[in-house]
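K.L.:
Based on what follows, work out the 3D shape:
(2 chains)
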There are 2 protein chains.
Amino acid sequence: MSVDSLEDWRRTHYSNKVNPSLDGKKVTVFGWVEDVRDLGGITFITLRDREGLLQITVMRKKIPEKILEKISMIGRQFAIGVKGTVRSHGEAPRGVEVIPEDIKILATATHPLPLDPTGRVPADIDVRLDARVLDLRRPECRAIFKIRHAVVKEIRRFFIENDFIEVHTPKIIAAAAEGGAALFPVEYFEQKAFLAQSPELYKEQLTTVFEKVFEIGTYFRAEESHTRRHLNEFVSVDMEEAFATVDDVMNLQEELTRSIVGHVAKACPAELEILGVSLKMPAQRFKRYAYTEIIEELRKRNVEVKWGEDIPTPAYRELGELHKQEYYFIVDWPSRVRSFYIKPRDDRPELCYAFDFMYEWIEITSGGSRVDSKDVFVSRLKEQNLDPKSFDFYLKIFDYGMPPHAGFGMGLERILMALVGKENIREVVLFPRDRFRLTP
Amino acid sequence: MSVDSLEDWRRTHYSNKVNPSLDGKKVTVFGWVEDVRDLGGITFITLRDREGLLQITVMRKKIPEKILEKISMIGRQFAIGVKGTVRSHGEAPRGVEVIPEDIKILATATHPLPLDPTGRVPADIDVRLDARVLDLRRPECRAIFKIRHAVVKEIRRFFIENDFIEVHTPKIIAAAAEGGAALFPVEYFEQKAFLAQSPELYKEQLTTVFEKVFEIGTYFRAEESHTRRHLNEFVSVDMEEAFATVDDVMNLQEELTRSIVGHVAKACPAELEILGVSLKMPAQRFKRYAYTEIIEELRKRNVEVKWGEDIPTPAYRELGELHKQEYYFIVDWPSRVRSFYIKPRDDRPELCYAFDFMYEWIEITSGGSRVDSKDVFVSRLKEQNLDPKSFDFYLKIFDYGMPPHAGFGMGLERILMALVGKENIREVVLFPRDRFRLTP
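P.N.:
Got it, this is the predicted structure:
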C-alpha cells in the first residue's frame, strides 16, 4: 500500500462525528461534495456525510498549489477525503468548520446528474425513483430512512422485552396462505410455487411451540391496483400469541404504537424537524368503533357502504377526514369480508373477532382471534369458495393441540406513512416495487 | 363472555414464569401435556410451555369429581389451562409443582401422532421435517431456535452500536446481481423477474447515502445441489461500508463473531447444555490463510486443487479436519473464481481483495473490497462472460460518486451450524426449503 492509501487516511484521526469538542484537533473526514463556492481568497466546500453537512473552509493563500489544483477539479457529488484541523464556528452546520491540509479525490461524478440531490430543484416522483440513489441523498429522504431504522429497532425491542421469539418463516410456499388470489408464481425447479403473502399460517402453528412469536419480513402481493398506499413487495411486522384473544392483541397494538411514537420523538428530533413533523403521543386507549358505527358515520357524509361489504378506498378517504390525527380501531367486522382464518364471534357468528388498526385513512394493521377448530376452519374455507384440500398441510395442525390464539400483521410502511406524514407509500421504501416499477 | 372464558383465566394470576418465589401463591398456567402418569392416589401431569416443563401434581382425594373427569380425558399434546397453587419442590423442573384446583381443556390432539414430540423416540430427518411443528416441540429444537433468536438479536445490537443503518432492499429484481445462474424466475405481471440472490448491488449503492448499512433478509438461490450445507431459501446478514477496505471488514467480522459467541454463552446456558455444546471464546485475531497456502495444505493431504480453481466440497471436508474448532479466513483468492464485483489487487490483479470466513469446513461469510470504477466493473463482467448491458441500472451508479467500499454477506444459518454443532443446515431453519422440499 502506498503511504497515501485509503487505509492510511482512515487510520489518521478518522472521524465521522466532527463537533465543537474537537476544536483545534486534527481530523480526517470523508464525504460527498454538496457544493463548492469560490469567493476569491476563500473557497467553501460543503461536504455531506452520514451525519449531515460539514463546511470545509479553504484559505487559498495558506494552502499548497498542488492541493488547490485538486480542489479546482472537484465537482458536485464527488467523493473526497479531507485532512485538516477542526475549528469551532457557531454559524456553520454542526458548529464547526474544517481547515484542510490535504484533499483526496476518491470518486468522480459525471454532470449533468439526472436530478439535484441537494433537494433545491423539485422533481417528479418517477424521476426521483429512477435515480433513487441520488434522490436518497436529499435531507428529507435521509430523515425518512433514519426514522425507519429507529422504528424497526423499537419494534424489535418491544417484542423482545415482551418475551416474543423472533422467527423466520418461508417466503416460497406451495399453497396460498391468504386465499388463492394475488399470488406471484415462482418456477421452483419442476414444481409450481408462490411467493408468500404473509407468515399467517406459519406463525399460527409456531404459537404451539414458542407461544409468542414475531417476524419482521418481506412479503409479496400480486395486486394489480396501482394506488398510493399499495406496493407489491412490502415489509410486514407480524406477531401471534397462544392463549390470547383479540382484545389482548389490540392492547398490545396500543402499547406498541405508543412505544414507537415515543422512541421516534426521542431518537429523531432533527429528522422530524427536517420533515416538518411534530409527533403527538397518542392517548392511552385508542377508540374502538364497530364496523356498523363506521358505515353509519359514512352514511351521514353521504358515502353509502352496504352492510356486509368491505369498505372501499373513497370511503377510507372520508374516514381520514372524520378522524384527523387519530389512531383508532374498527372492530366487529362481518365474518364474510374477513379472512377464513378469523374466528367468528361465539354469540353472533355473522360478526367476527377481527380488527383493523387505522390512522386517519390508512389501514396500518389487520388482526384478530384465529380459528382454532378444524371444523370451523373447513366451513370458513368453504364459505369463501376455497378448497380445503389445498390446506391439508395446515388442517393437520388442528390434530396437534391448537389452542386459542390471536395476532396481527402491521404494515411497516403503513405506520411509517402515518409517522412521517407522507401520502405516497413509495416515499418510505428505498427501492419500491409496484405494478409498473421493477427497477432500479 | 362466560365467567369461565379464556379471558377470565388469563386475567386471574396468569404467569408463564412459575418459580419457587411464587411458593404458596395462586397461579394460572397454560401449556401442552407432555405426559400423564397415574400412580393411583396421585396423578402427575407434565406440562410443557415456552419455558420448559412444569409438574402438575393431582391429589385425587382432594379434588372434585368433575375435575378428575376432565383429567381422565386429557391426552398427550392437548393444550390445557391449570389454576392452582404453587409449591416449592426441589426435584421437579423449575423447582416447583402446581397443585391444581381447576383444569380447562383448550385443544385436543389426535393419536397416534406422526412423531413423538418429547424426543424419546428418534425419527429420521424427513419424518421430522414433515411434521415439523411437532418436531420443534422437542427440547433440542426449542434450544436451537432460542439460540437463533439470541444470535439475531446480538447481530443487530452489534451493527446498530457500530453506527450501521438497517435497510430493506428489494427481493424481486429485474436483473441478476450475482451473475446469471441459479436464479428463480417470477411471473411479475407482464414482466419476467427474478428472486434476489443477495442485496449486493443495492447495499453497495446505499453506502453513498448512509455510508454504513446492514440488512438481515431472506434470499434465494436456485442451486440444484442437494447438500447438507445448502438451502434454496436462506437468511443473509449483509453489511457494507463506504471508505473501508477488506481489512476493515475482516476486523469487523472478528469482532462480530466474538460478540455473538459471548452473547450466546451468556444468554443461553440452558440451551447450550441441552445441545451438549460448550462454547469457547475464539481468539482475538483469527488466522488469515492465503488461498495458495490452503491448496498447498490440501496437497499435503493428497487433495489436489489446481491453482485458480474454486475449492470443491470434498476439499472443504478435509479443511474441516485440519482446522478443528477454528474460525479462520481464506484470503488472496484468484480473481477469476470470485464475483465480478470483487476488486482485483492493485499490485497483482490475478488476485483479488476477497475473503471467505470459515469455521472448520463451513464457509460462513464471503466478503471483500468491491470494484469502485466503471471501467474495471465492465472488464470484470466481460471476463466472466456477463453482458454489461444487463447491468446498465448499476453502471450509472459509478457516475454519481462511488467511493471505495467493502462489505460481507454472512449466512445466518451457517454461523448457527457452527455455534450449535449441527452438520445439517436443515436443523437450524424452522421450515427449510431445498430442491425437493417445499412443504410444510
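K.L.:
nearest residue to residue A:89 other than its sequence neighbours?
P.N.:
Spatial nearest neighbour of residue A:89, excluding adjacent residues (C-beta to C-beta, 6 or more residues apart in numbering or on different chains): residue A:97 at 4.4 Å. No exception for glycine: its C-beta is placed from N, CA and C like everyone else's.
K.L.:
Quickly run through the sheet partners of the helix or strand encompassing that neighbour, with directions.
P.N.:
Element membership for residue A:97 (DSSP states H and E) is strand A:96-107. Paired neighbours of strand A:96-107 in the sheet (DSSP bridges): strand A:52-59 (parallel), strand A:79-88 (antiparallel).
K.L.:
just to revisit the earlier point, could you verify my assumption that the residue nearest to residue A:89 touches residue A:90?
P.N.:
No. When contacts are counted by C-beta atoms under 8 Å, residue A:97 is not listed as touching residue A:90 (10.3 Å).
K.L.:
low-scoring pLDDT stretches of the stretch 101-250 of chain A, where are they?
P.N.:
Low-confidence segments of the stretch 101-250 of chain A (pLDDT under 70): A:176-180.
K.L.:
all helices of it, in order?
P.N.:
Assigned by DSSP state H, counting those that start in this stretch, the stretch 101-250 of chain A shows helices spanning A:125-130, A:132-135, A:139-161, A:200-210, A:246-267.
K.L.:
Neighbours of the closest residue to residue A:109 other than its chain neighbours, how many?
P.N.:
Spatial nearest neighbour of residue A:109, excluding adjacent residues (C-beta to C-beta, 6+ apart): residue A:77 at 3.8 Å. A count of neighbours around residue A:77, defined by other C-beta atoms under 10 Å in any protein chain shown, yields 24.
K.L.:
now swap in residue A:110 and tell me
P.N.:
Applying other C-beta under 10 Å, we find 13 residues neighbouring residue A:110.
K.L.:
For residue A:38, see how far away it is.
P.N.:
For residue A:110, the distance to residue A:38 equals 21 Å [C-beta to C-beta, to the nearest Å].
K.L.:
repeat for residue A:63
P.N.:
13 Å.
K.L.:
Check residue A:197 too.
P.N.:
As defined by C-beta to C-beta, residue A:197 lies at a distance of 56 Å from residue A:38.
K.L.:
More neighbours: which of the two?
P.N.:
A direct count of neighbours by other C-beta under 10 Å for residue A:197 and residue A:38 places residue A:197 higher, at 23 against 13.
K.L.:
My guess is the more buried one contacts residue A:182. True?
P.N.:
Yes. If you go by C-beta under 8 Å, residue A:197 and residue A:182 touch, sitting 6.8 Å apart.
K.L.:
Common neighbours of those two, please.
P.N.:
Both residue A:197 and residue A:182 are contacted by residue A:221, under the criterion C-beta atoms under 8 Å, 6 or more residues apart in numbering or on different chains.
K.L.:
What is the neighbour count of residue A:226?
P.N.:
11.
K.L.:
who does residue A:58 bridge with?
P.N.:
Here residue A:58 sits in beta bridges with residue A:43, as judged by DSSP bridges.
K.L.:
one step back: looking at residue A:97 and residue A:90, which is more packed in?
P.N.:
The neighbour comparison of residue A:97 against residue A:90 (other C-beta under 10 Å) goes to residue A:97, with 21 against 7.
K.L.:
and that one, bridged to which residues?
P.N.:
Judged by DSSP bridges, the bridge partners of residue A:97 are residue A:55, residue A:87.
K.L.:
Quick check: the gap between it and chain B.
P.N.:
In this view, residue A:97 and chain B are 21 Å apart by C-beta to the nearest C-beta, to the nearest Å.
K.L.:
Residue A:58 versus that residue, what's the distance?
P.N.:
When distance is defined by C-beta to C-beta, residue A:97 is 10 Å away from residue A:58.
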